[in-house]
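Novice: Coordinates only, no sequence provided:
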C-alpha cells in the first residue's frame, strides 16, 4: 500500500495552520539533516492552553501533512497534554505505517512542537527572517 | 564490442529482482557473478590468513592476496608498494589525514572544495581543528565543477594539502584532474594532493602517474566489488617518509625495542588482518571491468546519460532543474535534479513503490547544496546494466508522480 493516501495528500495540498501566529508566546525551528528541511513552529499560549499554533517551512508531503495534522490536533490543548504527545500518536494521526527512513520526516513536527513548548518568547514576536525556513 | 543490453546477464541480482530498476550505482554498484564467486572461493577454499602462516595453504592465500594488490596497482598505473588496503574511500581519506597530521601546524593551510562528499570534507575540517591549520573551501562554478582558476589562485599561497574529487557524486561533473594538478604544481610544487576517485573508479581509466597525485582514494563497492574494501594509493617517496598511524599485527619488525621498528610500505600502514576476501574480489572486479573495457563502459553510460537528459527535459520541460554541466563530455554517469514543487523524498519514495531505486537528499554533500542554493535533490546514476527502457519507465512514473502531488 502506498503511504500517499488521501488524508496525507489532502493535508499536503491544503495544509492547515501553515502561517505565522499573531503575538506568539512560544516558537522553535527544527531541522532534518537527511534532507536539509527546516520547520518553524509558533504558538500563542494563554491560560496554559494552546490558543493558536502555526507552522512555517516547506518539505516533503509526509513532513508537511504531519505538521498540518499535528497543529490541527493540538489547537485548544492544554500544554501538559501537548507535552505528553508521543511519536506513536503522531503516526496515528497520519494513519500509515512508515519505514525507518521516513520516520524522521513524520516526526519533525512533533520535535519542533516539543522544542517550542520549552521556548518561551518574551516579548511576543515572530520568528526572525534569519531563523525562518526557506519557502 | 559486446552488445550493451547483454551486460545485465552478468549480475545475478536481476535474477532475484527481475522487476527492480536500479538507478543508484553511485551509492553502490551491483555485483557480477565473477566477483561473488571469487570472494566465495576464498571463503570456501582458502579461508586462511595472510602474511603469517608458514604452511602451504597460508602461503597460497598470501600469494593470491598479493596478486590482487598487483592487479589493483597495475589498474591505476601504480607500484605494488603504493597500494594500501583500507575499508573504503572514507577510511582511505581519514587515514591520509592521519598520516599527514604530524607535518601540520597552525602555520599551514588545507584546501578542499565545495564539490566534495562529506568524506573528503570532514576529515580535513577535523584535521585543521586538531592541528590549528587553516581550512579553506575552494569554490565551484555554477555548473558544479571545480573552479580551476579560483583553486589555482588559492594554491599560489602554497597550502600544505589540496584535496578534491575527480567526479562529483551530485553534479556528475568530471573534473580535469591532470590539468588541475599541473596548474596547482606550477604554483605550489610542495603541496600534497589527494584525489577522491570514488565516483571515477570503474567509469574511466585512472593513471596515478599521469594525474601526478600524491594520494588517490577509492572504494571497491563503486566498481562492482563488495563493501568494506578500498584503496589508498600513496606516492612511493611520500609513503616512505610517513610514519604509520595504526598499530598492531603484521606491520612491525621489532615491537620490543623502545622505539619500535616498522616494516616498509605498504605493510607498515596495514595493521591487523585485512579484508582478504574483499581484496581478492576487488581484483576480480577489475578483471571484469577490463574484460568489458573502458571504451564500452563510457560509451554505454554516456549514451544513457544523454538519453535521460533529453527525456527528462522533454517530459518535464520548465518544471525540472537539472544540476551540473551542460556538456555530456563533462558528465559522468550521474544526473541530479529538482522538480518544481515536489520534494525529492516524495519522488524517491513514490519511485521506490514502483521498484525504481534512486537517491534523494543531500547525498552527503551539504556544502555543495548550499553553494548551488539547493535544499535537496533527486539523483539518478547509471551503470552498464541499465538500459533505455529503465529510463522510459522512470520518466513515465515521474509524470504520474507530478499528477499525484500537484
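Specialist: Everything's here; your move. The structure presented is a predicted model; accordingly, all values stated were derived computationally and were not measured.

Novice: would residue B:393 count as being in a strand?
Specialist: No - per DSSP: H, G, I helix; E, B strand; the rest coil, residue B:393 lies outside any strand segment and is helix.

Novice: Wait, it touches residue B:23, no?
Specialist: No - applying C-beta atoms under 8 Å, one finds residue B:393 not in contact with residue B:23, separated by 9.9 Å. The C-beta positions use only the backbone N, C-alpha and C, and glycine is treated the same way.

Novice: which neighbours do those two share?
Specialist: residue B:356 (C-beta atoms under 8 Å, 6 or more residues apart in numbering or on different chains).

Novice: ok, these two, which is more surrounded?
Specialist: For residue B:393 versus residue B:23, the count of surrounding residues by other C-beta atoms under 10 Å in any protein chain shown is larger for residue B:23: 27 against 17.

Novice: Spatially nearest residue to the more buried one (excluding sequence neighbours)?
Specialist: In this structure, residue B:23 finds its nearest non-sequential neighbour in residue B:380, 4.6 Å apart by C-beta to C-beta, 6 or more residues apart in numbering or on different chains.

Novice: Quick check: which element contains the one you found?
Specialist: Here residue B:380, judged by DSSP states H and E, is contained in strand B:377-381.

Novice: One more: residue B:135?
Specialist: For residue B:135, the host element (DSSP H and E) is strand B:134-138.

Novice: Which SSE is immediately downstream of that strand?
Specialist: Downstream of strand B:134-138 (by DSSP H and E), the next one is helix B:148-155.

Novice: what about the residue of the stretch 101-250 of chain B found nearest chain A, how many residues close to it?
Specialist: Across the stretch 101-250 of chain B, no residue is closer to chain A than residue B:118, which sits at 11.1 Å (C-beta to the nearest C-beta). Neighbourhood size, residue B:118 [other C-beta under 10 Å]: 17.

Novice: so what pLDDT did it get?
Specialist: Note for residue B:118: predicted pLDDT of 97.

Novice: can you pull out the strands in chain A?
Specialist: Using DSSP state E, the strands of chain A run over A:26-32, A:37-46, A:49-56.

Novice: out of those, nearest to chain B?
Specialist: The closest of those to chain B is strand A:37-46. By C-beta to the nearest C-beta, the value is 6.7 Å.

Novice: starting at the chain centroid, how far to that closest one?
Specialist: 7 Å (C-alpha atoms, centre = their mean, to the nearest Å).

Novice: and it with chain B, contact?
Specialist: Yes - contact of strand A:37-46 with chain B (C-beta under 8 Å from any C-beta of the partner chain) involves residue A:37.

Novice: buried set for that strand?
Specialist: A:37-45 (16 or more other C-beta atoms under 10 Å in any protein chain shown).

Novice: do the same with stretch B:379-395
Specialist: B:379-387, B:390-391, B:393-395.

Novice: Relative to residue B:204, how far out is the residue nearest to residue B:328 when sequence neighbours are not counted?
Specialist: Distances taken as C-beta to C-beta, 6+ apart place residue B:306 nearest to residue B:328, at 5.1 Å, with adjacent residues excluded. Distance from residue B:306 to residue B:204, counting by C-beta to C-beta, to the nearest Å: 16 Å.

Novice: Which pLDDT value goes with residue B:52?
Specialist: 73.

Novice: show me what contacts the residue nearest to it when sequence neighbours are not counted?
Specialist: Among residues not flanking residue B:52 along the chain, residue B:58 sits closest, at 6.7 Å (C-beta to C-beta, 6+ apart). By C-beta under 8 Å, 6+ apart, the contact list for residue B:58 reads B:48-50, B:52.

Novice: Looking at these, state which has the most neighbours.
Specialist: Most surrounded of the contacts of residue B:58: other C-beta under 10 Å gives residue B:50, at 20 neighbours.

Novice: how near is that residue to residue B:264?
Specialist: Remark: distance between residue B:50 and residue B:264 (C-beta to C-beta) = 16 Å.

Novice: With residue B:205 instead?
Specialist: In terms of C-beta to C-beta, residue B:205 sits 28 Å off from residue B:264.

Novice: in the longest helix belonging to chain A, what's buried?
Specialist: The single longest helix within chain A, with elements called by DSSP state H, is helix A:100-117. Buried positions in helix A:100-117, judged by neighbour count with 16+ other C-beta under 10 Å: A:102, A:104-117.

Novice: In contact with the closest residue in space to residue A:15 that isn't next to it in sequence, which residues?
Specialist: Leaving out its chain neighbours, the residue that sits closest to residue A:15 by C-beta to C-beta, 6+ apart is residue A:68, at 4.2 Å. Neighbour list for residue A:68: A:11-12, A:15-18, A:55 [criterion: C-beta under 8 Å, 6+ apart].

Novice: Which one (most neighbours) among these?
Specialist: Result: residue A:55 is most packed of those (other C-beta under 10 Å), 29 neighbours.

Novice: Isn't that residue up against residue A:39?
Specialist: Yes - the criterion here is C-beta under 8 Å, and residue A:55 meets it with residue A:39 at 6.1 Å.

Novice: any common contacting residues for those two?
Specialist: A:67, A:109, A:112.

Novice: want to try JSON lines for those residues, with distance to residue B:237 and pLDDT as columns?
Specialist: Shown next, in JSON lines, are the shared contacts of residue A:55 and residue A:39 (distance: C-beta to C-beta, whole Å; pLDDT from 0 to 100):
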{"residue": "A:67", "distance to residue B:237": "58", "pLDDT": "96"}
{"residue": "A:109", "distance to residue B:237": "57", "pLDDT": "96"}
{"residue": "A:112", "distance to residue B:237": "55", "pLDDT": "96"}
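
Novice: Specify which member of those is nearest to chain B.
Specialist: Nearest to chain B among the shared contacts of residue A:55 and residue A:39: residue A:67, at 13.1 Å, using C-beta to the nearest C-beta.

Novice: Contact partners for residue B:23?
Specialist: Counting by C-beta under 8 Å, 6+ apart, the residues that residue B:23 touches are B:356-358, B:380-382, B:386, B:390, B:394.

Novice: what's the closest of the residues you listed to residue B:253?
Specialist: Using C-beta to C-beta, residue B:381 comes nearest to residue B:253 of these, at 44.5 Å.

Novice: partners of the closest one in the sheet?
Specialist: residue B:24, residue B:334 (DSSP bridges).

Novice: what's the answer for residue B:321, then?
Specialist: Beta-bridge partners, per DSSP bridges, of residue B:321: residue B:338.

Novice: What spatial separation is found between it and residue B:26?
Specialist: 19 Å.

Novice: Neighbour count: the two, which is higher?
Specialist: Taking neighbours as other C-beta under 10 Å, residue B:321 and residue B:26 compare with residue B:26 leading, 27 against 14.

Novice: sorry, back to before: quick one: the residue of the stretch 101-250 of chain B closest to chain A and residue B:366 touch, right?
Specialist: Yes - counting by C-beta under 8 Å, residue B:118 touches residue B:366, with 7.1 Å between them.

Novice: Residue B:305 is in contact with residue B:383, isn't it?
Specialist: No - using C-beta under 8 Å, residue B:305 is not in contact with residue B:383, being 11.4 Å away.

Novice: quick one, helices of the stretch 51-200 of chain B?
Specialist: B:56-75, B:89-100, B:122-131, B:148-155, B:177-187 (DSSP state H, counting those that start in this stretch).

Novice: returning to what we had before: contact partners for the residue nearest to residue B:23?
Specialist: The contact partners of residue B:380, taken as C-beta under 8 Å, 6+ apart, are B:23, B:308, B:334-336, B:358, B:394.

Novice: repeat for residue A:49
Specialist: Contacts of residue A:49 (C-beta under 8 Å, 6+ apart): A:76-79.

Novice: Please identify which two of those are farthest apart in space.
Specialist: Longest distance between any two of the contacts of residue A:49 is 11.5 Å, between A:76 and A:79; criterion C-beta to C-beta.

Novice: low pLDDT regions in chain A?
Specialist: A:129-130, A:132-135 (pLDDT under 70).

Novice: Next to chain B in this structure, residues from it, please.
Specialist: So chain A meets chain B at A:2-4, A:9, A:12, A:34-37, A:58-62, A:102, A:105, A:134 (C-beta under 8 Å from any C-beta).
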